[in-house]
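Asker: Quick check, what structure comes out for this input:
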Amino acid sequence: MKAEPIAPPRARRPGSMLASFVTLAMGALWASGCAAGGGMTADVPTPMGNLSTSKPSPDPRVGLAAGRDNPGQASWNMSLVSNAPTPREFEGKTNSDLAFLGDYLFQGNYDGFMVWDVGNPMSPRLVKPYVCPASQSDVSVFRNLLFVSSESTSGRLDCGTEGVADPVSPVRLRGIRIFDITDVSNPRYIHNVQTCRGSHTHTVVTDPNDPAHVYVYISGSAGVRPEEELAGCREMGDDPNSALFRIEVIKVPLANPEQAAVVTGARVFDGLAPSERRAETAARPGRGPGGAHTGPNQCHDITTYPAVGLAGGACQGYGILLDIRDPANPRRLNAVADTNFATWHSVTFSNDGSKVLWTDEWGGGSAPRCRATDNMVWGANAIFTIDGTEMNFESYYKMPAAQTDSENCVAHNGSLVPVPGRDIKVQGWYQGGVSVFDWTDPANPVEIAFFDRGPLVADTLRSAGSWSTYWYNGYIYTSEIARGLDVMELTPSGYLSPNEIAAAKTVQLEYFNAQEQQRFVWPATFVLAHAYLDQLQRGNGLAGARVEAIRAELVRIQALSGAGRQMALLQLAEQVGADRARASDGARVGMLTEAIRELAAAQE
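Answerer: I've put the predicted structure just below:
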């Protein structure tokens, strides 16, 4: 692994605006439920029971029947709640990324985007199909604004479907479209920001110290457009004003989004030499250097984490760690390279910011890269721990079920599942389906749930499968490239108890963009305490008899009310705190102690 050490950024406290997004929608309801003594389904502890950790063998994902509408399906520890087919306006076009706002889901498509009402996840309702061709049409939301990426040379300013024939044209749109979605049933196209290489993907960035603006980082991977079409677009790499080797930063005034404009061309690649990486055509195992290539001049995707002041860039041959405390001027802190990676694609941080995971989109998402003959390290995730600005490689994780030559399959987009005390990610693998894995121990990631379908077409490679799979307010949503919108739900198992799932559901977000992580904060509930007890029981982190004694006392206390309940919780917190010194998992006992203390405070 290659790295260049730079002094670490100062720690900063997450801003109140960001924290409010995490619990605003349900915070008051949870607090009243706790103070009143329960009565809410998610706050009633469920015994962990004798749930199995056995994985089905042989793996049912192998050999599934093909089909568009009725393919073979396999699932383990999760269930398909609903599927909403792609509406006719977008049939045959690629469904892309997802964003969420309240009860609404925004799904990109190469011909525009869709607005879904997912207030009832059992039956998503199409609110608005908006035709506006522009690959990839990746989407993000913030308050009343929707941002949509456009990279192709055929995108038009007027959203027309006829394309753009001329090599230089005043009607071409490559960059970001901005919509006012105050009325989600009638999105209003209010502005666009043109960029030199278009926007393959983009990332919304909030600044806890600047509530008047939001920023958008542009990841544009196409060629530089002619300067005759957009002034200032120069391609020469040795030109200090080159459109290469930079991240374009758009500043959006929230009161006047029509004034959004590029304010910075952040040159975060300066000084990075070409990395050694495996060529796409490599056929040998191991970590030898690949073929000829240039150094990084753009990022495919950037994930920001404003609560910790960091961002991760998946940038050609490097994974780059950025300081974003000044969001208009991101600064590179460090970079890692891996000769097993072909295409650094996307990034996820652990909730505490101590780990970072990069994906490798080997084959660009259009090739079968999960066959039995494919190297299990190639087209996988790479997990690193973060120590200051140093990033240390720990392990790889790849969806383990062998897929066929007819299934495009490789690591793609996913997000964290807010299970307290653990790092769990749900991730799409195109036609490899959905895989949920625990990477709390970064050296030993473990799959704990999956869902998969058979190929779209038997014996013929056609693009389909999970482009993006994200957890949002209790459910898992998948943008299925060819089959529409899937909604899934995790089910209890020996890997994930009913209390852990219920505790995850207490985290209610006001909005969600996977490329801008929000720090999860769990409201004080009895379920949260029971989730930590389940983890101590599963991992033998505390003597079994003591776990059961604490559990019984929590059940007794929950039946109390008022000052009696608060006093009993404070006494239990003190007793559990004393258990930490003799526990084999003292850190988790500490989490339990804090959860009980917060529960006591919530009674006031």
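Asker: show me where pLDDT drops low in the stretch 51-200 of the chain?
Answerer: Within the stretch 51-200 of the chain, no stretch has pLDDT under 70.
Asker: what helices or strands is the helix or strand hosting residue 140 leaning on?
Answerer: Per DSSP states H and E, residue 140 falls inside strand 136-142. Contact here means 3 or more C-beta pairs under 8 Å, 6 or more residues apart in numbering; DSSP states H and E; on that basis strand 136-142 packs against strand 95-101, strand 104-109, strand 112-117, strand 145-150, strand 201-206. Where C-beta positions appear, they are placed from N, C-alpha and C, glycine not excepted.
Asker: buried residues in the helix or strand just after the third one?
Answerer: So the one you mean is strand 112-117. Counting by DSSP H and E, the next helix or strand C-terminal to strand 112-117 is strand 125-131. For strand 125-131, the buried set under the neighbour-count rule, 16 or more other C-beta atoms under 10 Å, comprises 126-130.
Asker: one step back: of all the helices and strands packed on strand 136-142, which one is nearest residue 335?
Answerer: Comparison of those against residue 335 by C-beta to C-beta identifies strand 201-206 as nearest, at 17.9 Å.
Asker: Just checking: what are the partner strands of the helix or strand just after that closest one?
Answerer: Per DSSP H and E, the first helix or strand lying C-terminal to strand 201-206 is strand 213-219. Next to strand 213-219 in the sheet, as set by DSSP bridges, lie strand 201-206 (antiparallel), strand 247-253 (antiparallel).
Asker: which residues are contacting the first one?
Answerer: With C-beta atoms under 8 Å, 6 or more residues apart in numbering as the contact definition, strand 201-206 has outside contacts at 17-18, 97, 136, 138, 140-142, 147, 149, 176, 214-219, 300-304, 306, 311, 324, 327, 513, 515-516.
Asker: tell me which residues form a beta bridge with the nearest residue to residue 374 once chain neighbours are set aside?
Answerer: Distances taken as C-beta to C-beta, 6 or more residues apart in numbering place residue 368 nearest to residue 374, at 7.9 Å, with adjacent residues excluded. Note on residue 368: beta-bridge partners residue 409, judged by DSSP bridges.
Asker: Is residue 368 in contact with residue 402, as I believe?
Answerer: No - contact between residue 368 and residue 402 fails when scored by C-beta atoms under 8 Å: they sit 10.3 Å apart.
Asker: More neighbours: those two, which one.
Answerer: For residue 368 versus residue 402, the count of surrounding residues by other C-beta atoms under 10 Å is larger for residue 368: 22 against 18.
Asker: In contact with the more buried one, which residues?
Answerer: Counted by C-beta under 8 Å, 6+ apart, residue 368 has contacts 374, 403-409, 461.
Asker: rewinding a little: as a markdown table, the buried residues of strand 125-131 with distance to residue 379 would be great.
Answerer: A markdown table is the format used below for the buried residues of strand 125-131 (distance: C-beta to C-beta, whole Å):
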| residue | distance to residue 379 |
| --- | --- |
| 126 | 33 |
| 127 | 36 |
| 128 | 35 |
| 129 | 33 |
| 130 | 33 |
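Asker: any idea which of these is closest to residue 485?
Answerer: residue 126 (9.1 Å).
Asker: could you pull out the strands for the stretch 251-400 of the chain?
Answerer: Under the criterion DSSP state E, counting those that start in this stretch, the stretch 251-400 of the chain carries strands at the ranges 261-266, 301-305, 310-315, 318-323, 331-336, 344-349, 355-360, 381-387, 390-397.
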